[in-house]
Structures are given as structure tokens and as C-alpha cells.
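Could you look at this predicted model? Sequence included:
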Amino acid sequence: METQSNDIEIIKNQVVSTYYVITMNIDGITHEESMIFPNGEANCMNWILGHLIHIRNPLLNILDEESVWDSDKFSFYNRGEIALDHKDKLINFEDLKSYLKQSQDKLEAKLNTIESFKPEMIKDISTLSLHEIYHSGQLGYLRRILGKPGAIK
């Protein structure tokens, strides 16, 4: 078997590391807690996790994998949507965790078998990776706002 290129190794490490950060930050959070909007309007944990999954789907698609959900059906988690306006549509937090795990399994499996990224994919893949890092940090702050101890030591 050919060794994977460095860019794949970098993305693989980021996908695994970000997943660790996300799962640590959402650990022990109930659905009710995930629906709390800080300051009555900042994005709740439920929306941020759903948004992360929603934007993982294009990453899966770029890698020739199927999305883990129907993007039209879950469009209220899309970029630019105001979470508070969709409060009644947000799905159960445990279901979101399940979708996250599905997306992680698909991403890791694909990244373990792919040999190279097409040059035209690099910019999108790196931007989507940055997106995950950005929002995983937000989950850490939200965790503290909810009165939980920090998860990343």
C-alpha cells in the first residue's frame, strides 16, 4: 500500500483531534442544556453541534462520501440561519451526537483509504477543517457558560 500524502495525514489528525474536543465539550450536556441561548440570543450548543454536522456533509461529499443527513430537511442548521428563529425545529441532542459519530466514522474510514486529495479540493478541505476547529472551541465556552467544568485540560 502506498503511504498517504502529508496533507491527508494533517487533515486526518485534525478530524480526529477536533472530534475529541467536540465530544469532550458536549459530554454530560442534556438536551435541555443544549437548548439554552446565552444572553437570550447567542447560538445554543444544540445549534452549533447541528451546524458542525451540517457543514461536515460538504466535506464528506468532496471526498465522494454520502451526507449523514438530508441537508434540505436540516437546513435550519445551515450557515447564516438564526438559531433562535428555528428553536422549535432543533432536534434532540442525543440524535445529534449519533449523527456526529456517523460523520466521524465515515470521515475516518475515507481518510484511511484515500491516497491523495485532488489539488482543487485542498482549499475547501482546509477551510472546512478550520470551520470545525472554530466551532469546537465555541462549544468549550458554552460548556463553561452552562456552569460545567472545562473539559479540555
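Nice, I can see it. Predicted, not measured: the structure shown is a model, and the values here were computed from it.

Name the residue closest to the centre of the protein, please.
Leu52 (3.0 Å; Cα atoms, centre = their mean).

Return the distance of that residue relative to Asp124.
Relative to Asp124, Leu52 is positioned 16 Å away (Cβ to Cβ, to the nearest Å). Bear in mind the C-beta positions are built from the backbone N, C-alpha and C, glycine included.

for Lys89, same thing?
When Lys89 is compared with Asp124 (using Cβ to Cβ), they lie 27 Å apart.

hang on, the earlier thing: okay, the closest residue to the residue nearest to the centre of the chain other than its chain neighbours: pLDDT?
Nearest non-adjacent residue to Leu52, counting by Cβ to Cβ, 6 or more residues apart in numbering: His135, 5.2 Å away. Note on His135: pLDDT of 96.

Check what contacts the helix or strand encompassing His135 and list those residues.
Assigned by DSSP states H and E, His135 falls within helix 122-145. With contact meaning Cβ atoms under 8 Å, 6 or more residues apart in numbering, helix 122-145 is reached by 7, 11, 14-15, 18, 21-22, 25-26, 29, 38, 43-45, 48-49, 51-52, 55-56, 58-59, 62, 117, 150-152.

Tell me the buried residues within the residues you listed.
Buried members of those, scored by 16 or more other Cβ atoms under 10 Å, are 11, 14-15, 18, 21-22, 25-26, 29, 43-45, 48-49, 51-52, 55-56, 58-59, 62, 117, 151.

quick one: which of the residues you listed sit in helices?
11, 14-15, 18, 21-22, 25-26, 45, 48-49, 51-52, 55-56, 58-59, 62 (DSSP state H).

that older thread, mind saving the C-alpha coords of the helix holding His135 as CSV?
The C-alpha trace of helix 122-145 is given here as CSV (Å, rounded to 0.1, in the frame of the first residue of the first chain):
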residue,chain,number,x,y,z
ILE,A,122,-7.3,21.4,-0.9
LYS,A,123,-8.7,24.9,-0.3
ASP,A,124,-12.2,23.6,0.5
ILE,A,125,-10.9,20.9,2.8
SER,A,126,-8.6,23.2,4.7
THR,A,127,-11.4,25.8,5.1
LEU,A,128,-13.9,23.1,6.3
SER,A,129,-11.2,21.9,8.8
LEU,A,130,-10.8,25.4,10.1
HIS,A,131,-14.6,25.7,10.4
GLU,A,132,-14.6,22.6,12.7
ILE,A,133,-11.8,24.0,14.9
TYR,A,134,-13.6,27.3,15.3
HIS,A,135,-16.9,25.9,16.4
SER,A,136,-15.4,23.2,18.6
GLY,A,137,-13.8,26.0,20.7
GLN,A,138,-17.2,27.7,20.9
LEU,A,139,-18.6,24.5,22.4
GLY,A,140,-15.9,24.8,25.2
TYR,A,141,-17.1,28.3,26.1
LEU,A,142,-20.7,27.3,26.0
ARG,A,143,-19.9,24.4,28.3
ARG,A,144,-18.5,26.9,30.9
ILE,A,145,-21.4,29.3,30.4
